[in-house]
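>>> Pasted the sequence and its predicted model underneath.
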Amino acid sequence: MTSAVINEKVVEFKQSIEDIVTVLKNTDEKTLYVKPSTEEWSAMQIVSHVLEAVDFWVTDLEALLVVPGAKWGRNHEHVRRLAAVEEGVVAALKVDECITGLQNLVPKVEAALGKVTEADLEKTAPSYNPNFDGKPLSFLVDHLIVKHVVGHYGQIVRHLAKVQ
């Protein structure tokens, strides 16, 4: 049963990555770096965040599979998270390299989720983020990997509509 659930998550993740890649390929490159407002991220800041965040959460997931119950997660002030969206860092990003990076996330997520069992999905652990404390591993998979990317695809589309 878990394989069907996990396969569904992989398909949803892969589709969101493909959707982001399609937007990147079909949008004028300069537009990708424009912020809709001073408070909002540019499309490329969102992409940079997705690249960093998925890598972070997959690493945390794999660690929890090895050491169940270990403290996991981070908050919004995490240094790698903040660095990934820093405007100077994002300005140096190349769209083609980001597309490759996004596409490379798919096999990485597939491999990590392939290690997850039904029993694993129910395990809980303390978190550095009090909002995530005691959440089951299914929360990490569903919300911080899969739905996180789905949501950011929608955010990219909305932001680009504001700046085009």
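That came through, no problem.
>>> Could you use CA atoms for every contact and neighbour count after this?
Noted.
>>> buried sites along the worst-scoring helix or strand of the chain on mean pLDDT?
Within the chain, judged by mean pLDDT, DSSP states H and E, the helix or strand with the poorest mean is helix 79-84; its value is a mean of 82. Buried residues in helix 79-84, defined by neighbour count with 16 or more other CA atoms under 10 Å: 81, 83-84.
>>> Stretch 77-97 now?
Buried residues in stretch 77-97 (16+ other CA under 10 Å): 81, 83-85, 90, 95.
>>> Send me the least confident helix or strand of the chain as CSV with only the CA atoms.
Output of helix 79-84 as CSV, limited to C-alpha atoms (Å, rounded to 0.1, in the frame of the first residue of the first chain):
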residue,chain,number,x,y,z
VAL,A,79,21.2,30.4,7.4
ARG,A,80,21.2,28.1,4.3
ARG,A,81,17.5,29.0,3.7
LEU,A,82,18.2,32.7,3.9
ALA,A,83,21.4,32.5,1.7
ALA,A,84,19.5,30.7,-1.0
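>>> Give me the residues contacting that helix.
Contact with helix 79-84 is made by 45, 48-49, 52-53, 76, 89-90, as judged by CA atoms under 8 Å, 6 or more residues apart in numbering.
>>> Mark which of those residues are buried, thanks.
45, 48-49, 52-53, 90.
>>> and the two most separated of those residues?
For the buried ones among the contacts of helix 79-84, the farthest-apart pair by CA to CA is Ala53 and Val90; their separation is 14.6 Å.
>>> residue contacts, Asp120?
Residues in contact with Asp120 (CA under 8 Å, 6+ apart) are 65, 137-138.
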